[in-house]
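K.L.:
Structure, please.
(one chain, ligands or ions: 1)
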Amino acid sequence: METQTRIVVMVSGGGSNLQAILDAAADGRLPAEVVAVVSDRSDAYALQRAAVAGVPSVHVGPHAGEARADYDARLADIVAGFAPDLVVLAGWMRILTTAFLGWFPDGVINLHPARPGELPGTHAIERAWEQARAGERTSTGVMVHLVPDEGVDDGPVLATEDVPILPDDDLDALAARMRAVEHRLLVDTIRRLCQQRSKKESPV
Ligand code: GRF
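P.N.:
As a prediction, the model looks like this:
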């Protein structure tokens, strides 16, 4: 039997990608268990999704005046307490420093709604759509990458897929197409990582 991979999902917002992971774990498409959902925002709808799925969730908000490294160390301590094999940033909106990342070498992945090297930071879908309207591009993309350091939406690419921007797309239409690709690409990538992990652990 395949070993279950323990996943902590970190979120700041709606959590549609979290939902995709929860659904895939529940119906057996992922040999994984979401052991916790962690949010930096108490009002993240993703926390309700965790509650509905019966997954423990924690709100870890930064204290007023807290140094980034102190917050990250506190966060790492909490996340490490769930003993994850994999930490998935799925709409996590804070930059993480080595005070966090150093605890999970090669163990943190991020989803970004743009192709590698393009449109880092927030509002990547809006910016791609505006560039398309200005005649500067006809497609954008999605990527999943490892997070080795503080680089924003940058790191060794695990998966990427192009997404067309159609001439009559409004922002909602493009966002919906992007979401569908994100959900599939993220789940497929996590499955691959789970399988690699399982192979490493099984005796020869
Ligand atoms: C996604 O577009 C993800 O790529 C980006 O933040 C968004 C999160 O969406 N990092 P959701 O909260 O999973 O619906």
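K.L.:
And the residue nearest to Thr98 when sequence neighbours are not counted, its phi and psi?
P.N.:
With CB to CB, 6 or more residues apart in numbering as the criterion, Thr98 has its nearest non-adjacent residue at 6.7 Å, and that residue is Asp149. The C-beta positions use only the backbone N, C-alpha and C, and glycine is treated the same way. Per-residue torsions, Asp149: phi -160, psi -170 (degrees, to the nearest 10).
K.L.:
Contacts only, for Asp149.
P.N.:
Contacts for Asp149 (CB atoms under 8 Å, 6 or more residues apart in numbering) come out as 98, 101, 155.
K.L.:
what does Leu22 give?
P.N.:
Contacts of Leu22 (CB under 8 Å, 6+ apart): 34, 49-50, 53, 55.
K.L.:
And the residue of this protein that's closest to the ligand?
P.N.:
Residue nearest to the ligand within the chain: Gly91 (2.7 Å; CB to the nearest ligand atom).
K.L.:
what does the protein put close to the ligand?
P.N.:
13-18, 90-91, 111-113, 182 (CB under 6 Å from any ligand atom).
K.L.:
If you rank those by neighbours, which is first?
P.N.:
Counting neighbours by other CB atoms under 10 Å, Leu18 comes out on top of the residues of the chain next to the ligand with 29 neighbours.
K.L.:
Helix, strand, or coil at that residue?
P.N.:
State at Leu18, reduced to three classes by DSSP: H, G, I helix; E, B strand; the rest coil: helix.
K.L.:
Phe100 now?
P.N.:
Phe100 ends up helix, using three-state DSSP.
K.L.:
ok, now how distant is it from Asp149?
P.N.:
According to CB to CB, to the nearest Å, Phe100 stands 11 Å off from Asp149.
K.L.:
swap in Trp92?
P.N.:
Taking CB to CB as the measure, Trp92 falls 15 Å from Asp149.
K.L.:
go on, Ala132?
P.N.:
From Ala132 to Asp149 the distance is 31 Å (CB to CB).
K.L.:
dump the residue contacts of Thr138.
P.N.:
By CB under 8 Å, 6+ apart, the contact set of Thr138 is 132, 164-165.
K.L.:
what stretches of the protein score poorly on pLDDT?
P.N.:
Counting by pLDDT under 70, the ranges of the chain that qualify are 1-2, 203-204.
K.L.:
Which single helix of it contains the most residues?
P.N.:
helix 171-201 (DSSP state H).
K.L.:
tell me what that one is packed against?
P.N.:
Counting contacts by 3 or more CB pairs under 8 Å, 6 or more residues apart in numbering; DSSP states H and E, helix 171-201 packs against strand 5-11, helix 16-26, strand 86-89, strand 108-112, helix 124-133, strand 139-146, strand 157-164.
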